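1. below are the sequence and a predicted model for it; my questions follow.
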Amino acid sequence: MSDEVPAMHVLYVSHTSGVHDDRWVEAMRSSGCTVTPLQVDPEGREAHSRVISLTAELGIDIIVAGPLTTCTSHLVNLDVPLVGLSWGFDLHEMAHDESDSDLSWMVDLAGLIVDSEPTRSIAEDLGVSCDRIELIPWGVDLDLFDPAGPRAEHPELPMNSRVVLSARSHEPLYRVGDIVTAFERARSLVNDDVYLVVLNDGPLTEEMRAGAGDHTLFLGRVSEKELAAWLRRSDLYVSASETDGSSVTLLQAMACGTPVLVSDIPGNREWVHAGLTGGIFPLGDVGALTQALTTALSDADVGESIDRAIAQVRSRADWSRNSPRLTSLLRRVSVA
């Protein structure tokens, strides 16, 4: 069977316009689709009317939209098949929604892309038919995120210093402040010259900066190439997120051979098995994170754990092998 889908025009709708969006657009174009990207307001203002207008103007055949809560939910009841693209956090939010929101629109989706087994289970619990769900881990560019390659340098980092890396957005959901606080406590317990490098930015950046010591560097946003270099330079990658599907940054860290320490949530447990492929600490417990950081920075025997992590990512999270699953979903939707 051909890897291409019948000729069609796809409208890709998101409230962002970043590297992950580019990946999905390129994957659809590689399958033979014409794709028009559309960035909309995350509050959904005017999204519905803009999509209706473009659908008629361009002759759109299928709409692919995500996240579910900020994009897909605003585009229901159109005359064009709608495929939801879960970003992981959205399905977890919906599963714990106590506002009595009407989620019946989920049942009518022509298809739904999820990135992990936990999010697939949530979608099925919300009534989405299993034959409409396609599990596609967002995956990693293994040509770029590989242990071999250049390592990042910075004038404020001594040559032989150790590095703990945080790379998530500075929003409440990702609890980067927990990492900053725990690092300051752990540094006093580790007899080593260790630094915390905080990438990315967000609404909590200045608050975190105010509570950080002189061994914490806030370096802002970086390119994918620069991120790979920082992961190779780092002795430990840490994520304290409250919710995730398959975190791309986590998979990128594992692919680069960087030891990982992550919060104990379902999406992380799918990839990180304590003592085997990384470390896990209780969500929101800064004391436990401090202890876990101290232990991880004192543990020099991580070679087998790194090898297992790299092997797992290469077998399950290779974007070049995962993205063609999108072709299968689009083909089913196009002939339904």
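-> That came in fine, so what should we check first? Fair warning: this is a prediction, and the values are worked out from it, not measured in the lab. Residues are numbered from 1 along each chain as shown.
2. if I look at the residue nearest to Trp87 when sequence neighbours are not counted, how far off is Pro137?
-> In this structure, Trp87 finds its nearest non-sequential neighbour in Pro67, 4.1 Å apart by C-beta to C-beta, 6 or more residues apart in numbering. Quick note: C-beta positions are derived from backbone N, CA and C, even for glycine. Distance, Pro67 to Pro137, by C-beta to C-beta, to the nearest Å: 16 Å.
3. need the residues that contact the worst-scoring helix or strand of the chain on mean pLDDT.
-> One helix or strand of the chain scores below all others by mean pLDDT, DSSP states H and E: helix 325-335, with a mean of 86. Residues outside helix 325-335 that contact it (C-beta atoms under 8 Å, 6 or more residues apart in numbering) are 3-6, 8, 10, 24, 27-28, 31, 33, 61-62, 81, 83, 110-111, 113, 134-136.
4. how distant is that helix from the center of its chain?
-> Distance, stretch centre to chain centre, for helix 325-335: 23 Å (C-alpha atoms, centre = their mean, to the nearest Å).
5. and that helix, what's buried?
-> Leu326, Thr327, Ser328, Leu329, Leu330, Arg331, Arg332, Val333, Ser334 (16 or more other C-beta atoms under 10 Å).
6. and this protein, split by domain according to the record?
-> Structural domains assigned to the chain are 9-139+319-335, 162-316, following automatic domain parsing.
7. would you single out the least confident of those domains?
-> Lowest mean pLDDT of the domains of the chain: domain 9-139+319-335, a mean of 90.
8. could you pull out the strands for this structure?
-> In the chain, the strands defined using DSSP state E lie at 9-14, 34-39, 62-65, 82-85, 111-114, 133-135, 162-166, 194-199, 216-220, 236-239, 260-263, 279-281.
9. for the first one, which strands pair with it and how are they oriented?
-> Strand partners for strand 9-14, identified by DSSP bridges, are recorded as strand 34-39 (parallel), strand 62-65 (parallel).
10. picking up where we left off before, buried members of the contacts of helix 325-335 into PyMOL, please.
-> Here is the PyMOL command that picks out the buried ones among those, judged by 16+ other C-beta under 10 Å:
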select buried, resi 5+8+10+24+27+28+31+33+61+62+81+83+110+111+113+134+135+136
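11. let me see the contact set for the nearest residue to Glu43 once chain neighbours are set aside.
-> Nearest-residue entry for Glu43: Thr70, 7.5 Å, with adjacent residues in sequence omitted and distances by C-beta to C-beta, 6+ apart. Contacts for Thr70 (C-beta under 8 Å, 6+ apart) come out as His15, Pro42, Glu43, Gly44, Asp90.
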